[in-house]
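Student: Please find the sequence and the predicted model below.
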Amino acid sequence: MRHIISILLENEPGALSRVVGLFSQRNYNIESLTVAPTDDHTLSRLTITTVGDDRKIEQITKHLNKLVDVVKLVDLTEGAHIERELMLIKVKATGSQRDEIKRTADIFRGQIVDVTSTIYSIQLVGTSAKLDSFIAAISGVTILEVARTGVSGVSRGEKVLSV
Amino acid sequence: MELLSGGDMLIRALHDEGVEMIYGYPGGAVLHIYDAIFNQDKVEHILVRHEQAATHAADGYARATGRPGVVLVTSGPGATNAVTGIATAFMDSIPMIVISGQVDSSLIGSDGFQETDMVGISRPIVKHSFMVQNPEDIPTVVKKAFYIATTGRPGPVVIDIPKDVTDPAKKYPYSYPESVKLRSYSVPSKGHTGQIKKAVEILLAAKRPILYTGGGVVQGEGSALLTQLAQKLGYPVTNTLMGLGAYPATDKQFLGMLGMHGTYEANMAMHFSDVVLGIGARFDDRVTNSIAKFCPGAKILHVDIDPASISKTVAADVPIVGSVVSVLEEMLELIKLSETKVDSKALELWWKQIEGWREKDSLKVIPADNDVIKPQQVIQTLYDITNGDAYVSSDVGQHQMFAAQYYHFDKPRRWINSGGLGTMGFGFPAAMGVQLAFPDAVSVCVTGEGSFQMNIQELATCLQYQLPVKIVCLNNQALGMVKQWQDMQYGGRYSHSTYSESLPDFVKLAEAYGHVGVRIEKLSELKQKMTEAFAMKDRLVFIDVLVDPMEHVYPMAIKGGAMKDMILSKTERT
């Protein structure tokens, strides 16, 4: 099963490499990874999506917790949560496809953020599944480039991940 | 406040932390630090002959004393040479601080002379690491490093220090912090009382219980409490390779070591038990054999300070995260209060069954009829002449298993071996560290002619510091354990495991290094010659014992089987 693990990490040199290293060292999988500073400049927030059965995920969270730079973490998929990913996708847009792509982007609430006479660059935000669906929906179109940020997320309601 | 340079600060901080001794080897990037060492007399520095030996010596010191071992090496090759020793300490959860020099801050990343990314290289084998960027940070970093290395599940911590940070020309105010707090690092202390209660009830209701304890009981200073618990309950005890000495081996409740080369009775008792209380042991593959077939009828109660060790390989029915001492104390208290009493009738039957297994005498030594020495007999003799009271450091291979099987450790911290990583070359420098920690104790290194040659250069260190280590070399003229596996699984094709024609004359070699060498070839002279060697209390003696080269270590787990599946001799299996 896919899990989204959010981590508050000391904003120290080498901290990220410890987290990433742990995954490769123990043969865990990283599907996506996002990292950026938070409102507290001493902390970074890192979100990792990974796949594994309960036992594996338990091991992953235990080992992450053991890392001295990891301040706190939560497996967002354990409860109700919001996940978002941003995608910039550059596609060939010529002829009748120009309208078709625009319509599809509208349906997915995407925005065309750059245009040339033959190319659209579309920005799309949503769950990873939604972004996948968009790519599937424009299957006849030539995709030139896809840049996805990876998943970021928070728990729904009162629950917060903070120090 | 006193003004000190970075180099002086480092050594002062070590002293303020209570460090009496460090093991190291100088080089360009640590020259400022070595000058700081020269200018003081509080922290003693031991000059080894290879950085790997510095780490193993510090490791041996740590295992024998319970205090962290401290290592100082230079950048680049000095640091990479230390890597094997750091990994060894990491696998066995040994507290160690490794200070490595680094090139000047301005040169980092430029592929400077003797530059290597030590923090990066050591990352998977340390508990934590630091790169010091400002001299003012040194006291806090040192304090944090010791705190992390010695608390919780202990482990090695690397402190990488660029050369400019220790510049003697630049001085800064020094004060050593009394304590540190890390918001991201907390140490589990007491276990969950509800869980402990649950475990105690299951333990008391057991019909075929066994206590399976590991290195955590030694490291966590839990031996006395474990002994108390076992004797109060009257339950059988088995120790892992790392846990030997945690329970007195000569006690009748002790079944010997378990696992790949464990005794018949220990492995059988594990397999047929209905409750396993694992304490400070990690259900390692060398213990469990096939996980799917592991202890089919047993409830698993698992006490460990490291939550990640629990249910890692074998799912625990009752997991308890906490320090061995606090959990055992609470268990003893709860047993007193519990209304459930030990089922003495069931226990009697259980012991009867165990005694039946014991009768098999799986460690029986069959003497050769032609005065040839069996390796087991060397360990038995060693045990006799040292009254079972020596510090025994071991290398890795057949001799290690023989030492674990035939030297009956009654006290913790007496058995010093590389259990997790299995590092050949560990034993001799470790025995040096032990001898430095306890100058008057008998420090023995049980080794083989293979392992010994991996850190043979330390004979010079022993001369320099007058360390009277006794080296007992079970010389079978081959890499015995490799050869054993080649015998058993590769049709006796000895691919690169023999070298009898090119072995050095160890007696002459010991003499060349200024020590005493003794060669023993016949069983009839074994005891006398060993006694004579051990009587040379102030000399290092290399005792080269020629043993039967065809001997195998038994019992031996049958690969892929359950714990009850063992090969008992060249002709017998379960």
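Tutor: Arrived safely, thanks for sending. Numbers count the residues shown, from 1 in each chain, chains lettered A, B, ... in the order given.
Student: going forward, measure contacts between C-alpha atoms and count neighbours the same way
Tutor: OK.
Student: mind checking which helix or strand residue 34 is in?
Tutor: Let's take chain A. Following DSSP states H and E, one finds residue A:34 within strand A:32-37.
Student: think we crossed wires, I meant chain B
Tutor: Going by DSSP H and E, residue B:34 is in helix B:31-38.
Student: Quick check: what element follows that helix along the chain?
Tutor: Helix B:31-38 is succeeded, C-terminally, by strand B:44-47 (DSSP H and E).
Student: Figure out how far the helix or strand following that following strand is from the centre of its chain.
Tutor: Sequence order places helix B:51-65 as the next helix or strand after strand B:44-47, per DSSP H and E. Mean-position distance between helix B:51-65 and its chain equals 10 Å (CA atoms, centre = their mean, to the nearest Å).
Student: same for helix B:51-65, what does it pack against?
Tutor: strand B:21-24, strand B:69-73, helix B:77-91, strand B:96-102, strand B:415-417, helix B:427-437 (3 or more CA pairs under 8 Å, 6 or more residues apart in numbering or on different chains; DSSP states H and E).
Student: would a markdown table of these with mean pLDDT be doable?
Tutor: Below are the helices and strands packed on helix B:51-65 laid out as a markdown table (pLDDT from 0 to 100):
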| stretch | mean pLDDT |
| --- | --- |
| strand B:21-24 | 98 |
| strand B:69-73 | 98 |
| helix B:77-91 | 98 |
| strand B:96-102 | 98 |
| strand B:415-417 | 98 |
| helix B:427-437 | 98 |
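Student: Need the residue in chain A that's farthest from the chain's center.
Tutor: The C-alpha centroid of chain A is most remote from residue A:95, which lies 32.8 Å away (CA atoms, centre = their mean).
Student: phi, psi of it?
Tutor: The phi and psi values for residue A:95, taken as degrees, to the nearest 10, are phi 60, psi -140.
Student: What residues does the stretch 101-250 of chain B have near chain A?
Tutor: B:123-124, B:127-128, B:183-185 (CA under 8 Å from any CA of the partner chain).
Student: can you tell me which two in those are farthest apart?
Tutor: Spanning the widest gap among these are B:124 and B:183, at 22.0 Å by CA to CA.
Student: quick one, which of the two is more surrounded?
Tutor: Counted by other CA atoms under 10 Å in any protein chain shown, residue B:124 and residue B:183 do not tie: residue B:124 has more neighbours, with 17 against 13.
Student: Surely that one forms part of a strand?
Tutor: No - assessed with DSSP: H, G, I helix; E, B strand; the rest coil, residue B:124 is helix; it does not lie in a strand.
Student: neighbours of residue 90, just the number please.
Tutor: I'll assume chain A. Residue A:90 has 21 nearby residues by other CA under 10 Å.
Student: Let me rephrase: I mean chain B.
Tutor: The number of residues packed near residue B:90 is 23, by other CA under 10 Å.
Student: residue contacts, the closest residue to it other than its chain neighbours?
Tutor: Closest residue in space to residue B:90, ignoring its immediate chain neighbours: residue B:155 at 5.3 Å, by CA to CA, 6 or more residues apart in numbering or on different chains. Counting by CA atoms under 8 Å, 6 or more residues apart in numbering or on different chains, residue B:155 touches B:89-90, B:92-96, B:126-127, B:148-149.
Student: pretty sure residue B:95 contacts residue B:69?
Tutor: Yes - contact criterion CA atoms under 8 Å: residue B:95 and residue B:69 qualify, at 6.6 Å.
Student: What ranges does chain A have for its strands?
Tutor: A:2-10, A:32-37, A:43-51, A:70-75, A:81-92, A:111-115, A:119-126, A:143-148, A:152-155 (DSSP state E).
Student: returning to what we had before: closest to chain A among the residues of the stretch 101-250 of chain B next to chain A?
Tutor: residue B:184 (4.1 Å; CA to the nearest CA).
Student: ok now do the closest one, which residues does it touch?
Tutor: By CA under 8 Å, 6+ apart, the residues touching residue B:184 are A:10, A:68-72.
Student: And the residue nearest the centre of chain B?
Tutor: Centre-most residue of chain B, counting by CA atoms, centre = their mean: residue B:417, 3.9 Å.
Student: For that residue, which non-adjacent residue is closest in space?
Tutor: That would be residue B:394: by CA to CA, 6+ apart, it lies 5.1 Å from residue B:417.
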